[in-house]
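Student: Provided below are the primary sequence and the corresponding predicted coordinates.
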Amino acid sequence: MRTPLIFILFIVFGCNTPKRIAVVKTAGKFGCIDSKGNWIITPRWDWLMLGENPKDPILVEKDSLFGFISPDDDILISPRYNDASIFYEGLAAVGNGSKKGFINTRGDTVISFRFDDIFLGFSNGLSDARINDSCGYIDREGNVIIPFIYDVAYPFLSEYAEARTFDGRELVLDTKGRVITDETRYANRKLWTRNSADFRLVIEGPN
């Protein structure tokens, strides 16, 4: 007799009523159940990650390739990418094996594959990106808004973001790339720093 599954809930908030969704691993595959224990995503994926919002596509992995499914368990973008993140502000960073770019929810490439890395994706209209060893920020059309002159560029969780120079200085930038030295301007704003973390927890059941 199999030991009962153990799982922990991801809580995803809908427009009016909180909707509880649990990511569960069973027999080596990932799926999702609702708060009543009903399967809403069939456990057939090697890994999956929920989007920020209930209606966002869900990131899935199959045979080391990544794609997206709908919250209703329909395949939206078949697994075809070597790397991918969830959708942020309607765009997802994906990799083709050597470079990364961005797709929309239809799977159209909207920003070409020319970046070596993307840490998070779009937040407050800008995305961090890296080319070679230098980081900067682009807009939703792929235009460089803040030059690639930083060692590390953290996401814009508010209208401010932290970046680190190659000589180790921690700077706070606004969305125009201006260095903000007045700490009172961002004292009560969200900042992603080197100590920040984004945790989503899954407790696995038996294989």
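Tutor: Sure, I can see it.
Student: And residue 183, its phi and psi?
Tutor: phi -60, psi -20 (degrees, to the nearest 10).
Student: Would you check how far apart the residue lying closest to it once chain neighbours are set aside and residue 192 are?
Tutor: Nearest-residue entry for residue 183: residue 172, 8.0 Å, with adjacent residues in sequence omitted and distances by Cβ to Cβ, 6 or more residues apart in numbering. Every C-beta, even on glycine, is put in place using the N, C-alpha and C of the backbone. The gap separating residue 172 from residue 192 is 11 Å, by Cβ to Cβ, to the nearest Å.
Student: overlap in contacts of the two?
Tutor: Applying Cβ atoms under 8 Å, 6 or more residues apart in numbering, one finds that residue 172 and residue 192 are jointly contacted by 161, 162.
Student: Show me the strands paired with the longest strand along the chain, marking each as parallel or antiparallel.
Tutor: The longest strand of the chain (DSSP state E) is strand 18-26. Here strand 18-26 is paired, per DSSP bridges, with strand 9-13 (antiparallel), strand 29-34 (antiparallel).
Student: which is the next helix or strand following the longest one?
Tutor: Past strand 29-34, further along toward the C-terminus, the next helix or strand under DSSP states H and E is strand 39-45.
Student: Quick one: list the elements packing against that next one.
Tutor: strand 18-26, strand 29-34, strand 58-62 (3 or more Cβ pairs under 8 Å, 6 or more residues apart in numbering; DSSP states H and E).
Student: tell me how far the helix or strand just after it is from the chain's mean position?
Tutor: Sequence-wise, the next helix or strand downstream of strand 39-45 (DSSP H and E) is strand 47-49. Distance of strand 47-49 from the chain centroid (Cα atoms, centre = their mean, to the nearest Å) equals 12 Å.
Student: Can you list the buried residues in strand 47-49?
Tutor: 48, 49 (16 or more other Cβ atoms under 10 Å).
Student: Give me the below-cutoff pLDDT ranges for the chain.
Tutor: Along the chain, the parts satisfying pLDDT under 70 run over 1-19, 195-207.
Student: ok, residue 165 to residue 181 distance?
Tutor: For residue 165, the distance to residue 181 - Cβ to Cβ - is 14 Å.
Student: Okay, buried residues for the longest strand of the chain please.
Tutor: In strand 18-26, counting by 16+ other Cβ under 10 Å, buried: 21, 22, 23, 24, 25, 26.
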